[in-house]
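Student: mind folding the following:
(one chain, ligands or ions: 2)
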Amino acid sequence: MSEFLQAKDHRRILHVDIDAFYAQVEMRDNPKLRQVPLGIGRDPDQHHGHGVIATANYIARKAGVHSAMGAIEAKKACPNLVFVAPNFEKYRAISAQIHAIFHEFTDMIEPVALDEAYLDVSANKMAAPTLAAQLRHRIWEETHLTCSVGVSYNKVLAKLGSEHHKPNGVTVIPHDLAQDFMLNLPIRKFRGVGQKTLEKFEKLGVKDGRDLFAMSLDDLRVHFGSFGDVLYWQARATHFSPVKDRSVRQSVGKESTFEFALHDRSQIEAAFKDLAEKVVANMTKRKLLGRTLTVKIRDEQFKTQTKGITQSTTFDLDPAFMARQAMLIFDELYPEEFAIRLLGITFSNIVEQKYEAVSLFDQF
Ligand code: DCP
Ligand code: MG
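Tutor: Ligands and ions are numbered 1, 2, ... in the order given. Presented below is the predicted three-dimensional model:
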């Protein structure tokens, strides 16, 4: 074995995931829902059969209801399923509460979804399992919600840990147990293994980490390309992707200063359009959405004004629409003559476009 393999990864990482998040919140707020099978989604009888289940409580899961299932199908599986429509505003507010608690432990936080994040607590003096227990206690104290936490030295193991004793559990995977844990893990539980990969493994007779471990790196590359490397190292409980601190991003914006002041409304319109396109490109690339759109205007007298619009839902990433919104603000501030030196458009109240799956493909 190479020296590289023997080198120890000394990080301490937690993966935190709230149990049956939306469902647990609704059960917390309405005790009547605690004893019934609950699906978060619109009742198909009242909404012409459309809609999907966002999540279900554990009673409904036992009957076969799960996330992303069609509402009609869910009702077939569980005829007495109680439907509650999702209240995203509420879930976002709770998510912010939970994130504030994360910051009591570390600032190295990688949010994965509203209810899920990686925390790198290496800099904290306390032992990681103690921190996990304290974190769960703080979340319960503040929100009356339970979560599951995985504790280990890399993100893959931490995530597998939080899944291991769900709901309401902590799993610690230290160095001396990690290799064994991976050898015994069913192949479908490996990160990045979807239906297609699973079928290939079935043909190869690979059922678990032990079978995977026995495959050579060359073989894995032949069958899976560069993903083969990811699998090879995962089987060896090795994964160096850092906790990517994305919690600091507050806004995404762009501004332009004009050498010659703009006097024409059509110039302003064109400038806003251009800015909106750049901001949208940036937001799209980073898979972000925003609920607040702020326009900044500076005139020749150096008077700077900012004005924002906040919506309860995120803005569509449509440059033409954004430019129109910006013009509404502009016309309000400058109904007559003007000489404009600077224009800016910024999104804040940023949220992730959708819950990202843990991607391993770009990390080696
Ligand atoms: N969610 C969704 N659609 C999906 C998956 C999830 O709308 N296909 C929402 C509802 C979940 C929340 O995201 O409550 C968190 O997702 P999780 O995958 O963590 O699922 P849960 O928290 O509901 O369940 P658990 O973590 O106990 O497995
Ligand atoms: Mg969850």
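
Student: can you count the residues close to Asp180?
Tutor: 13 (other Cβ atoms under 10 Å). (Each C-beta comes from the backbone N, C-alpha and C, glycine too.)

Student: would it count as being in a strand?
Tutor: No: counting by DSSP: H, G, I helix; E, B strand; the rest coil, Asp180 is not found in a strand; it is helix.

Student: contacting residues for Met215?
Tutor: The contact partners of Met215, taken as Cβ atoms under 8 Å, 6 or more residues apart in numbering, are Leu204, Val206, Tyr232.

Student: let me fix that, I meant to ask about Met27.
Tutor: Neighbours of Met27 in contact, by Cβ under 8 Å, 6+ apart: Leu33, Arg34, Leu38, Asn57.

Student: cool, and Thr257?
Tutor: Arg341, Leu342.

Student: the stretch 51-200 of the chain: helices as residue ranges?
Tutor: 58-62, 71-77, 88-105, 128-143, 155-164, 175-183, 195-204 (DSSP state H, counting those that start in this stretch).

Student: may I see the buried residues of the shortest one?
Tutor: By neighbour count, and taking 16 or more other Cβ atoms under 10 Å as the criterion, the buried residues in helix 58-62 are Ile59, Ala60, Arg61.

Student: mind putting those residues into JSON lines with distance to ligand 2 and pLDDT?
Tutor: JSON lines is the format used below for the buried residues of helix 58-62 (distance: Cβ to the ion, whole Å; pLDDT from 0 to 100):
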{"residue": "Ile59", "distance to ligand 2": "16", "pLDDT": "98"}
{"residue": "Ala60", "distance to ligand 2": "15", "pLDDT": "98"}
{"residue": "Arg61", "distance to ligand 2": "12", "pLDDT": "98"}
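
Student: pull out the buried positions in stretch 282-296.
Tutor: Those would be Met283, Leu288, Leu289, Gly290, Arg291, Thr292, Leu293, Thr294, Val295, Lys296, for stretch 282-296 by 16+ other Cβ under 10 Å.

Student: no wait, stretch 56-76
Tutor: Ala56, Asn57, Ile59, Ala60, Arg61, Val65, Ser67, Met69, Ala71, Ala74, Lys75.

Student: on that earlier part again, among the contacts of Met27, which ones are in helices?
Tutor: Among the contacts of Met27, no residue falls in helices (DSSP state H).

Student: so which of those residues also contact ligand 1?
Tutor: Contacts with ligand 1 within these, counted by Cβ under 6 Å from any ligand atom: none were found.

Student: quickly name whichever of those is closest to ligand 1.
Tutor: Asn57 (8.7 Å; Cβ to the nearest ligand atom).

Student: for the closest one, phi and psi?
Tutor: Main-chain dihedrals, Asn57, degrees, to the nearest 10: phi -80, psi 170.

Student: report pLDDT for it.
Tutor: For Asn57, the pLDDT comes out at 98.

Student: any figure for the gap between it and Arg136?
Tutor: Per Cβ to Cβ, to the nearest Å, Asn57 is found 19 Å from Arg136.

Student: next: Asp115.
Tutor: Distance from Asp115 to Arg136, by Cβ to Cβ: 14 Å.

Student: overlap of the contact sets of the two?
Tutor: Cys147.

Student: more crowded one of those two?
Tutor: Asp115 (23 against 19).

Student: which ones are touching that one?
Tutor: Asp17, Ile18, Phe21, Tyr91, Ser95, Ile98, Cys147.

Student: now those residues in a markdown table, with neighbour count?
Tutor: As requested, the contacts of Asp115 are arranged in a markdown table below (neighbours: other Cβ atoms under 10 Å):
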| residue | neighbour count |
| --- | --- |
| Asp17 | 19 |
| Ile18 | 24 |
| Phe21 | 22 |
| Tyr91 | 19 |
| Ser95 | 21 |
| Ile98 | 23 |
| Cys147 | 25 |
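
Student: which one of those is nearest Lys8?
Tutor: Set against Lys8, the nearest of these by Cβ to Cβ is Asp17 (26.1 Å).

Student: for that closest one, list each beta-bridge partner.
Tutor: Residues in a beta bridge with Asp17, per DSSP bridges, are Glu116, Ser148.

Student: give me the pLDDT for it.
Tutor: The model's pLDDT for Asp17 equals 98.

Student: please apply the same query to the one 3 residues further on.
Tutor: In the predicted model, Ala20 carries a pLDDT score of 98.

Student: what do you get for Glu142?
Tutor: The model's pLDDT for Glu142 equals 94.

Student: just to revisit the earlier point, which single one of the contacts of Met215 is nearest to ligand 1?
Tutor: Val206 (25.7 Å).

Student: report the separation between that closest one and ligand 2.
Tutor: 29 Å (Cβ to the ion, to the nearest Å).

Student: how about Leu343?
Tutor: Applying Cβ to the ion to Leu343 and ligand 2 gives a distance of 42 Å.

Student: how is the protein divided into domains?
Tutor: 8-19+89-175, 22-87, 179-235, 251-352 (automatic domain parsing).

Student: can you count the residues close to Tyr118?
Tutor: Tyr118 has 26 nearby residues by other Cβ under 10 Å.

Student: go on, Arg12?
Tutor: 22.

Student: skipping its backbone neighbours, what lies nearest it in space?
Tutor: Ala128 (4.1 Å; Cβ to Cβ, 6 or more residues apart in numbering).

Student: would you list the buried entries among the contacts of Met215?
Tutor: Val206, Tyr232.

Student: rebuild the contacts of Met215 as JSON lines, extending it with pLDDT.
Tutor: Below are the contacts of Met215 laid out as JSON lines (pLDDT from 0 to 100):
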{"residue": "Leu204", "pLDDT": "97"}
{"residue": "Val206", "pLDDT": "98"}
{"residue": "Tyr232", "pLDDT": "97"}
